[in-house]
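Trainee: kindly return the folded structure for what I paste below:
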Amino acid sequence: MGVPIPSDGLTAPLLLHHYAKNSIINPMAPSLKPLIWIGSSKADLKKFPADVRQVAGYALYLAQAGGKHLDAKPLAGFGGAGVLEVVDDFDGDTFRAVYTVKLAGVVYVLHAFQKKSRKGIRTAQGDVELIKQRLSRAREIHADQIAKLKGETK
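Mentor: Numbers count the residues shown, from 1 in each chain. As a prediction, the model looks like this:
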């Protein structure tokens with residue numbers, strides 16, 4: 001008897017044992033990092049097909065646990081491995097979820113979108129600009145939270 005697959009596609013932690021062979025997990029991670037959705041990223045991800053939501057949800061879970069999904073790759077143009085994207089193909093379409101782990105202790109989901117262009121793998125400039133804006137917003141939110149923890153106000 002197998003493990004039931006959640007219908008919402010976002011509760012991938014239940015399938016940890018099933019996907020462990022496709023992942024790098026930090027077994028020493030004491031707890032999950034908070035996950036913060038920027039802009040419409042959560043609503044956009046919910047519009048993805050269930051199979052794609054499952055992949056993206058599991059990749060985000062692994063990021064929260066201090067690990068990295070094998071399909072998570074650095075997004076070009078963002079200076080290294082701090083901004084990652086998970087790309088999944090479904091029924092001839094390509095879907096991407098972009099997140100950052102570069103702000104200590106938190107995973108920020110920056111964008112979730114369906115690739116429109118049929119040519120190449122390059123991310124459309126409009127999506128890149130939106131990711132930059134949302135990364136900037138994530139930095140603001142993070143700085144505010146750090147200031148609150150230190151008892152400072154902006």
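Trainee: strands of this protein, residue ranges please.
Mentor: 23-24, 35-37, 68-69, 72-74, 83-90, 93-100, 107-114 (DSSP state E).
Trainee: by mean pLDDT, show me the worst of those strands.
Mentor: Mean pLDDT per stretch puts strand 23-24 lowest among the strands of the chain, at a mean of 52.
Trainee: the strands of the chain: which one's closest to Q145?
Mentor: Closest approach to Q145 among those (C-beta to C-beta): strand 35-37, 9.2 Å. C-betas here are computed from N, CA, C, even on glycine.
Trainee: the helices in the protein, which residues?
Mentor: 16-19, 41-46, 50-64, 125-149 (DSSP state H).
Trainee: where does this protein have low pLDDT?
Mentor: 1-30, 117-121, 152-154 (pLDDT under 70).
Trainee: point to the residue nearest the middle of it.
Mentor: For the chain, Y99 is the residue whose C-alpha lies nearest the centre (C-alpha atoms, centre = their mean; 3.9 Å).
Trainee: in the sheet, who's paired with the residue nearest to it when sequence neighbours are not counted?
Mentor: Excluding the flanking residues, the one nearest Y99 by C-beta to C-beta, 6 or more residues apart in numbering is V109, at 4.8 Å. Counting by DSSP bridges, V109 is bridged to W37, Y99.
Trainee: any idea how far the nearest residue to Q145 once chain neighbours are set aside is from W37?
Mentor: Spatial nearest neighbour of Q145, chain neighbours left out: V106 (7.9 Å); criterion: C-beta to C-beta, 6+ apart. According to C-beta to C-beta, to the nearest Å, V106 stands 11 Å off from W37.
Trainee: related to what we said a few turns ago, so who does the residue nearest to Q145 touch?
Mentor: By C-beta atoms under 8 Å, 6 or more residues apart in numbering, V106 lies in contact with 33-36, 142, 145.
Trainee: any idea how far A72 is from it?
Mentor: In this view, V106 and A72 are 16 Å apart by C-beta to C-beta.
Trainee: please apply the same query to A56.
Mentor: Distance of A56 to A72, computed by C-beta to C-beta: 10 Å.
Trainee: and the two? Which one has more around it.
Mentor: A56 (29 against 23; other C-beta atoms under 10 Å).
Trainee: returning to what we had before: show me the contacts for the residue nearest to the centre of the chain.
Mentor: By C-beta under 8 Å, 6+ apart, the residues touching Y99 are 59-60, 63, 83-85, 107-110.
Trainee: alright, I will stop here.
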